[in-house]
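A.B. asks: kindly generate the corresponding structure for this input.
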Amino acid sequence: MNASVPVVLLAEVWDEVVLDCPSAELASGQSALWATPKNRLLVPSGFSLSSSSSDGDHCVSPDALLSPEEAGHVRVRENGSLVVGDFGWGDRGRYRCLLHSPDGDIDLAGEVEVHLRAEYRQHIYYFSLMYGGVAAGGVLLLTLLYKLVYWLLET
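C.D. replies: Prediction:
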């Protein structure tokens, strides 16, 4: 296993983000798999564990695999790059590029850490403060309205 310092990438929301596997080109028969921040394994189209090893002994559970159909806006290209379309808050985190060889071995090729730009985090902070203030004001207004109706019905 290759222990390396992750590459850090700053992304914009709703942009298409392309993550290149930090290793050299894929050798013949190798496939690039990507472990997501949510511990799911993205596989290229047409990949299956059963066709990759003759002895059936795998270190990856088939349940952890995320097929291209299930992945939604995330996909693995033929060259091993990972494409995240419409990048959003839930897509940030550490992605690990794994090389899967035909004999079933899996090696860590590198890591890419994706963060949102600071400007976007500030916008989220201010919008959440605004929404919190509006919600608190709404609750206060409804409480006062309830008290007024109660008072009018008593008198």
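A.B. asks: ok, residue 111 touching residue 6?
C.D. replies: Yes: the pair residue 111 and residue 6 passes the contact test of CB atoms under 8 Å, sitting 3.7 Å apart. (Glycine included, C-beta is placed from N, CA and C.)
A.B. asks: so which of these two has more stuff around it?
C.D. replies: Neighbour totals were compared for residue 111 and residue 6, and residue 111 leads with 19 against 14 (other CB atoms under 10 Å).
A.B. asks: domain-wise, how is this structure divided?
C.D. replies: Domain assignment for the chain by automatic domain parsing gives 7-116, 118-155.
A.B. asks: quick check: longest strand of the protein.
C.D. replies: strand 106-116 (DSSP state E).
A.B. asks: where's residue 84 relative to residue 73, distance?
C.D. replies: 7 Å (CB to CB, to the nearest Å).
A.B. asks: residues in contact with the closest residue in space to residue 40 that isn't next to it in sequence?
C.D. replies: Closest residue to residue 40 apart from its sequence neighbours, by CB to CB, 6 or more residues apart in numbering: residue 66 at 4.4 Å. For residue 66, the contact set (CB atoms under 8 Å, 6 or more residues apart in numbering) comprises 36, 40-43.
A.B. asks: do you have the strands of the protein handy? List them.
C.D. replies: With DSSP E as the definition, the chain shows strands at residue ranges 7-11, 17-19, 31-35, 41-42, 65-66, 74-76, 82-84, 93-100, 106-116.
A.B. asks: ok, so what distance separates the residue nearest in space to the middle of the chain from residue 65?
C.D. replies: Central residue of the chain (CA atoms, centre = their mean): residue 91, 3.1 Å from the mean position. Distance, residue 91 to residue 65, by CB to CB: 19 Å.
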